[in-house]
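Enquirer: Take this sequence and fold it.
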Amino acid sequence: MKNTRTVVLVAVLICTPVRGFSQRDGKQVYEKVSPCVVFIKSDKGAGTGFAILANGTIVTAFHVIDGATRIAIKMQTGDIYDDVSLLAQDERRDIAVLKVNGFDLPTVALGNSNDVKPGDQIFVIGNPLGAEELKTSISNGIVSGVRDLDAGYKTLQITAPISPGNSGGPALNENAEAVGVVVFRLKEGENLNFAVPINYVRGLLGSIDDSKPLKQWRRSEGSADLFSDKVTQRPTKWKSVKTGAIYTLRFQGDYIYSEKEEPEDLRKLGLYLTGEVKKRGDKYAGTSHTNYVHWHTNPITGEKIIDHRCNFEFPLEFTSVSSTRIEGRSMGAAQGAKLDMKKCKYSPSTMWQDFVLIPVD
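Expert: Predicted structure coming up:
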């Protein structure tokens, strides 16, 4: 009986290498690679990246995302990914590998940067100045040299013009293969631009564990869209279903701030109830702050006179947040509890209490 073997072929969309290019074939390089180049925006600035795996693995320069608290990546199709993970980084060589939840993305083929020689034709595709109207621009030049700048790694010196915003983009050979990652330029000279050899990226890829990203950035509800500057609008006035009290809420990134509305005369005495919670997984958790004031009224002048003040801080949680309903719980005094103003203690002790807030029409 003969052994049989079943071969399964899987088709993957890839920006395949184009062999046999001449120096005049920049148009073909652009057509092959531009769909793979991405626009990266953060709260620190903008840059370029390029997809190397169809599952959403993207290479860029480390300084493009360094220090950012929010990141979004826009594909050539117009698709925007707000949830971004950092899979690997090499700060010395200024390279990083990111991941978005992509599927069947077009990808750039990686060349062998050890084969790059001075005089080789080179192309750069990127987003100069981080401007939408200039995105996916191509420039060309030659490899001026393979340098060791006493930084502990090699760089490719290229004459292809680059600008701020091009950082993280691919440096491509005539076969449309990425042989480097654009990282910086020297302002003191003319066309003194540099890319990190792609083989350093190849080395990083072997250390990646998708299940344990080094860092993650997620867009929070109510935060601005980095590519449109639009903010998800939410009501600012909310009413407690249980007590009827009115609260003003402010949504800011991962935080929600709240303040209970009080009569003006009591506010002047210093009475307030505020809260601050931060998104932690599926819920928001934080603290409420209360300044409780006990006073009496002067029978002659009608002036309110403060007898005692008590300050409290209690745990506060929002367990479900939408534009029409907020559910949560807070630690506070039980119904009917008495407050010893001199000791600032409740009897019986405090307990968790559920609440529901709905928007005020």
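Enquirer: okay, CA-based contacts and neighbour counts for the rest of this
Expert: Fine.
Enquirer: Grab the nearest non-local neighbour of Leu249.
Expert: With sequence-adjacent residues excluded and distances taken as CA to CA, 6 or more residues apart in numbering, Leu249 is closest to Ser258, at 4.5 Å.
Enquirer: what's the host helix or strand of the one you found packed up against?
Expert: Taking DSSP states H and E as the definition, one finds Ser258 inside strand 255-260. Contact analysis of strand 255-260 by 3 or more CA pairs under 8 Å, 6 or more residues apart in numbering; DSSP states H and E lists strand 246-252, strand 272-280 as its packing neighbours.
Enquirer: and the shortest one with strand 255-260, angle?
Expert: Angular relation of strand 246-252 and strand 255-260 on a 0 to 180 degree scale: 160 degrees, by axes from the mean of the first three to the mean of the last three CA atoms, to 10 degrees.
Enquirer: which parts of strand 246-252 are buried?
Expert: Across strand 246-252, burial judged by 16 or more other CA atoms under 10 Å covers Ile246, Tyr247, Thr248, Leu249, Arg250, Phe251.
Enquirer: how about these, which pair is most distant?
Expert: Largest separation among the buried residues of strand 246-252 by CA to CA: Ile246 and Phe251, giving 16.3 Å.
Enquirer: returning to what we had before: wait, which of the helices and strands packed on strand 255-260 is closest to Arg92?
Expert: Closest of the helices and strands packed on strand 255-260 to Arg92 is strand 272-280, at 32.3 Å (criterion: CA to CA).
Enquirer: Flag the shaky bits of this structure, pLDDT-wise.
Expert: Scanning the chain for pLDDT under 70 picks out the ranges 1-24, 186-191, 220-224, 229-233.
Enquirer: in the lengthiest strand in it, what counts as buried?
Expert: Secondary structure of the chain per DSSP state E: the longest strand is strand 304-321. For strand 304-321, a neighbour-count test (16+ other CA under 10 Å) marks Arg309, Cys310, Phe314, Pro315, Leu316, Glu317, Phe318 as buried.
Enquirer: what are the pairing partners of that strand, and which direction each?
Expert: If you go by DSSP bridges, strand 304-321 pairs up with strand 283-297 (antiparallel), strand 326-332 (antiparallel).
Enquirer: now the angle from that strand to strand 272-280?
Expert: Using the same axes, to 10 degrees: strand 304-321 against strand 272-280 is 20 degrees.
Enquirer: Please state the offset of strand 304-321 from the chain centre?
Expert: Strand 304-321 has its C-alpha centroid displaced from the chain centroid by 33 Å (CA atoms, centre = their mean, to the nearest Å).
Enquirer: Excluding residues flanking it in the chain, which one is nearest Asp354?
Expert: Counting by CA to CA, 6+ apart, Asp354 lies nearest to Arg329, which is 4.1 Å off, once chain neighbours are set aside.
Enquirer: was I right about that neighbour contacting Phe355?
Expert: Yes: applying CA atoms under 8 Å, one finds Arg329 in contact with Phe355, separated by 5.6 Å.
Enquirer: Now do the same for the residue of the chain positioned farthest from its centre: helix, strand or coil?
Expert: Note on the chain: the largest C-alpha distance from the chain mean falls to Ile300, namely 60.7 Å (CA atoms, centre = their mean). Here Ile300 is coil, with the state taken from DSSP: H, G, I helix; E, B strand; the rest coil.
Enquirer: Can you report how many residues lie near the nearest residue to Leu105 once chain neighbours are set aside?
Expert: Leaving aside its chain neighbours, Leu105 sits nearest to Ala54 (4.3 Å; criterion: CA to CA, 6+ apart). Residues lying near Ala54 (other CA atoms under 10 Å) number 19.
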